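Trainee: Fold the stuff below for me.
(4 chains)
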There are 2 protein chains.
Amino acid sequence: MARTDMRYRDAYNVLLDFCAELEPEARLPAESRLCEIAGVSRTVVRRCLGRLKERGIIAWEGRDKRLLRRPAEADRIARPDGLQGSADLEQRFLEWILKFDVPANTPLSVAELARSFEVPQHELKEFLAGLSRFGLVARRRQGGWMLLGFTRGFAVELSDFRAVLELDAVRHLVEAPVDHPIWARLEALRAEHLTLKARIETDFHAFSKLDEAFHAALNSVVKNRFVAEFQKVVSLIFHYHYLWDKTHEKDRNEAAIGEHLAIIDALEARDEEAAVAAARRHLKTSKTTLLSSLRYHDLA
Amino acid sequence: MARTDMRYRDAYNVLLDFCAELEPEARLPAESRLCEIAGVSRTVVRRCLGRLKERGIIAWEGRDKRLLRRPAEADRIARPDGLQGSADLEQRFLEWILKFDVPANTPLSVAELARSFEVPQHELKEFLAGLSRFGLVARRRQGGWMLLGFTRGFAVELSDFRAVLELDAVRHLVEAPVDHPIWARLEALRAEHLTLKARIETDFHAFSKLDEAFHAALNSVVKNRFVAEFQKVVSLIFHYHYLWDKTHEKDRNEAAIGEHLAIIDALEARDEEAAVAAARRHLKTSKTTLLSSLRYHDLA
DNA sequence: CAACGGTTTTTAATTATTCTAGACAAAATA
DNA sequence: TATTTTGTCTAGAATAATTAAAAACCGTTG
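Mentor: Just a heads-up that it's a prediction; the model follows:
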């Protein structure tokens, strides 16, 4: 029980690597220096030094730390398989919801989720606490958590919110200076759209990715941590729903390409009014698509 | 150690109260019914029944549950002082940051905070995880948390984001039907503004509250969970900074009253362009005020 | 006297434990 | 027999206990 000694294990291996670079009989730097190298506290460094001494790799007496022999591969400590799950938990969680079409008002079991995502429970709890800020999940009175979205209401509000942010981005974009990298990006995107349009009969599946890239590019002009935070969630949700609503997929995507191109045209012409109008049109289409894709699944 | 039996204690007292309402010798309803009454699971209800039987308050044999005697005050279980802190933790935490002007990049000790706010540690951790979604705090590499805001960058982005949301609200507002309650609310607010304007020489401190009410009213037109969530944080921050920046407070507030009235005028005239312009002017002033109040404190 | 190392105290991450919720099937009621 | 109620059991959530790590403290040393 209790905290793992992963940090110690990792630090020890890092210090071994460091020692491997040294000349024989070389002196090791001060403990505080070793801390910086391994990225841990002195407590851990001293534990590592203790083991290095024990193994006869170094001599250590007060400030006197000398390398005795070159460390071998066998000296390393094994790490009992690090679960890297913690990193992209958000992505995986949202994918799970959307992929399995988890219905609204589903009780979420922290224990079960922690197992299936291979993360410690408390990490999952903190994650859910974070999501509750977006109104996606909520605490239940009798304990535990519960998935709230994706109801129709959620989708409507999400779309509206997205629209507000994106229209603002468009207004910003028109004002961007000529040498702003966004213009080159837009030109590249235009080309990609045209290419896809030519091959739409066969490659219409590829649109979803292009759509994401397009909207990400628009929003990249607004440098705002709040916008960025929301964008991550929003784009993921729209992305997946685009993928799964198979009705008239080709037609929808072809139409969307046209709408995207209209936005690019208006932007490059620096015509704010036209750009906003075009963006509004496209966002409305997106919203409709999202809602209709819900209608198929959502029975609640 | 481990989980408290608070639920059991509370449920027991509730059931005592319920028994007190019954006739002598009356039969108690089914366990599942008692669950509804006490708002807990059957497990807890059965534990309560066990104690009630033990204390000679009821007879309990299978389905046969009869009241033997009227419960007395002495039968209640004491609750070892419930810490109600959990409720308004957010409010208190933000107040703490702003009141003591905690500088950016301060390491936050969960243990210490949990003590001073009188909440369990894990609750505070979940709270911080939630705040990290707003970019106010972040995890540190070596463990624990750290306060990021309020830097200048944070204030700028917060103001900009607020402006985007609020301008959208204004645009919505102009379209609101005549019988929408917002119009009556705006009239009331106009009157309050005029009253305060007349007494500005002495009562200028009262503006902060009025400002909050005004912005809350504007945003109330947009029914959106994302907007609402942000609004809570945003309004609190602006509220406090308004309070603490004492330079030219009277003049600032008087000017702001004028700006508010201009917005109300334009809204009631259903003049979208004028309303947006007026709102934009006021939001710009607000931003400037927020930034200048930071300049006094922020040395980082 | 400034950097370094030994020691101690405090904090954070994780497990273990207890209480609670929910499910199932047997039993009782109608 | 159909329906409700209860006894029993399993899994889950909240919290305390525990160990690793961080950080503070203070004497030492070059």
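
Trainee: Enumerate the residues of the stretch 51-200 of chain A near chain B.
Mentor: A:122, A:125-127, A:129-130, A:132-135, A:141-142, A:154, A:157-158, A:160-161, A:164-165, A:168 (Cβ under 8 Å from any Cβ of the partner chain). (Each C-beta comes from the backbone N, C-alpha and C, glycine too.)

Trainee: So which of these are in helices?
Mentor: Among those, the ones falling in helices (DSSP state H) are A:122, A:125-127, A:129-130, A:154, A:157-158, A:160-161, A:164-165, A:168.

Trainee: among these, which are within reach of DNA strand C?
Mentor: A:H122 (Cβ under 7 Å from any atom of the strand).

Trainee: Show me what the top helix by length along chain A is packed up against.
Mentor: Looking across chain A with DSSP H, the single longest helix is helix A:272-297. When contacts are defined as 3 or more Cβ pairs under 8 Å, 6 or more residues apart in numbering or on different chains; DSSP states H and E, helix A:272-297 packs onto helix A:152-174, helix A:225-244, helix A:249-268.

Trainee: In the last one, which residues are buried?
Mentor: If you call a residue buried by 16 or more other Cβ atoms under 10 Å in any protein chain shown, then helix A:249-268 has these buried ones: A:249, A:252-254, A:256-257, A:259-264, A:266-267.

Trainee: Which residues does the residue of chain A most remote from its centre form beta bridges with?
Mentor: For chain A, the residue at maximal distance from the C-alpha centroid (Cα atoms, centre = their mean) is A:E61, at 46.9 Å. Residues in a beta bridge with A:E61, per DSSP bridges, are A:D64.

Trainee: Show me where the stretch 1-150 of chain A dips below the pLDDT cut-off.
Mentor: A:1, A:81-85 (pLDDT under 70).

Trainee: A:L267 contacts A:V170, doesn't it?
Mentor: Yes. Contact criterion Cβ atoms under 8 Å: A:L267 and A:V170 qualify, at 7.2 Å.

Trainee: Please report how far the nearest residue to A:A228 once chain neighbours are set aside lies from chain B.
Mentor: With sequence-adjacent residues excluded and distances taken as Cβ to Cβ, 6 or more residues apart in numbering or on different chains, A:A228 is closest to A:N219, at 7.8 Å. Using Cβ to the nearest Cβ, to the nearest Å, one gets 12 Å for the distance from A:N219 to chain B.

Trainee: Check A:E254 too.
Mentor: For A:E254 relative to chain B (Cβ to the nearest Cβ), the value is 31 Å.

Trainee: For the stretch 51-200 of chain A, what lies in contact range of DNA strand D?
Mentor: Along the stretch 51-200 of chain A, the residues adjacent to DNA strand D under the rule Cβ under 7 Å from any atom of the strand are A:62-63, A:108-112, A:122, A:125, A:139, A:143-145.

Trainee: Separate out the buried members of those residues.
Mentor: A:108, A:110, A:125, A:145.

Trainee: In those residues, find the pair that's most separated.
Mentor: A:L108 and A:K125 (10.4 Å; Cβ to Cβ).

Trainee: Could I get the buried residue list for the longest helix of chain A?
Mentor: A:274-276, A:278-279, A:282-283, A:286-287, A:289-291, A:293-294.

Trainee: swap in stretch A:192-212?
Mentor: Per 16+ other Cβ under 10 Å, stretch A:192-212 contains these buried residues: A:192-193, A:196-197, A:200, A:204, A:207-208, A:210-211.

Trainee: Same question for stretch A:212-221.
Mentor: Applying 16+ other Cβ under 10 Å to stretch A:212-221 flags A:214-215, A:217-221 as buried.

Trainee: What of stretch A:143-156?
Mentor: Buried residues in stretch A:143-156 (16+ other Cβ under 10 Å): A:145, A:147-150, A:154-156.

Trainee: One more: stretch A:30-48?
Mentor: Here stretch A:30-48 shows A:34-35, A:38, A:40, A:44-45, A:47-48 as buried, counting by 16+ other Cβ under 10 Å.

Trainee: From these, pick the one nearest DNA strand C.
Mentor: A:L34 (7.9 Å; Cβ to the nearest atom of the strand).

Trainee: so that closest one makes contact with A:V45?
Mentor: Yes. Using Cβ under 8 Å, A:L34 is in contact with A:V45, at 4.8 Å.

Trainee: where do the contact lists of the two overlap?
Mentor: A:L15 (Cβ atoms under 8 Å, 6 or more residues apart in numbering or on different chains).

Trainee: coming back round to it: could you list every helix and strand in contact with the one helix or strand the residue nearest to A:A228 maps to?
Mentor: Element membership for A:N219 (DSSP states H and E) is helix A:207-220. Packing partners of helix A:207-220 (3+ Cβ pairs under 8 Å, 6+ apart): helix A:152-174, helix A:181-198, helix A:225-244, helix A:249-268.

Trainee: go again using 10 Å as the cut-off
Mentor: helix A:152-174, helix A:181-198, helix A:225-244, helix A:249-268, helix A:272-297 (3 or more Cβ pairs under 10 Å, 6 or more residues apart in numbering or on different chains; DSSP states H and E).

Trainee: In CSV: these, plus mean pLDDT.
Mentor: Shown next, in CSV, are those (pLDDT from 0 to 100):
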stretch, mean pLDDT
helix A:152-174, 92
helix A:181-198, 96
helix A:225-244, 79
helix A:249-268, 94
helix A:272-297, 88
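
Trainee: B:H241: which of the ones you listed is closest?
Mentor: Checking those against B:H241 by Cβ to Cβ gives helix A:225-244 as the closest, at 17.5 Å.

Trainee: for that closest one, which positions count as buried?
Mentor: In helix A:225-244, counting by 16+ other Cβ under 10 Å, buried: A:225-227, A:229-231, A:233-243.

Trainee: Go back to those residues and keep what's next to chain B.
Mentor: The residues of those that also fall near chain B, by Cβ under 10 Å from any Cβ of the partner chain, are A:225-227, A:229-230, A:233-234.

Trainee: In a markdown table: these, plus distance to A:A72.
Mentor: Shown next, in a markdown table, are those (distance: Cβ to Cβ, whole Å):
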| residue | distance to A:A72 |
| --- | --- |
| A:R225 | 47 |
| A:F226 | 52 |
| A:V227 | 52 |
| A:E229 | 47 |
| A:F230 | 51 |
| A:V233 | 48 |
| A:V234 | 52 |
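
Trainee: Sort out which one of those lies nearest DNA strand D for me.
Mentor: Nearest to DNA strand D among those, with distances taken as Cβ to the nearest atom of the strand, is A:V233, at 22.3 Å.

Trainee: Could you measure from the nearest residue to that closest one once chain neighbours are set aside over to DNA strand D?
Mentor: Excluding its sequence neighbours, the residue lying closest to A:V233 (Cβ to Cβ, 6+ apart) is A:F134, at 6.2 Å. Distance of A:F134 to DNA strand D, computed by Cβ to the nearest atom of the strand, to the nearest Å: 19 Å.

Trainee: How about A:A206?
Mentor: Counting by Cβ to the nearest atom of the strand, the gap from A:A206 to DNA strand D is 39 Å.

Trainee: cool, A:I237 as well?
Mentor: Taken as Cβ to the nearest atom of the strand, the span from A:I237 to DNA strand D is 24 Å.

Trainee: hang on, isn't that residue packed against A:R162?
Mentor: Yes. Taking contacts as Cβ atoms under 10 Å, A:I237 lies within contact range of A:R162: 9.2 Å.

Trainee: hey, what's in contact with both of those two?
Mentor: Common neighbours of A:I237 and A:R162, counting by Cβ atoms under 10 Å, 6 or more residues apart in numbering or on different chains, are A:L290.
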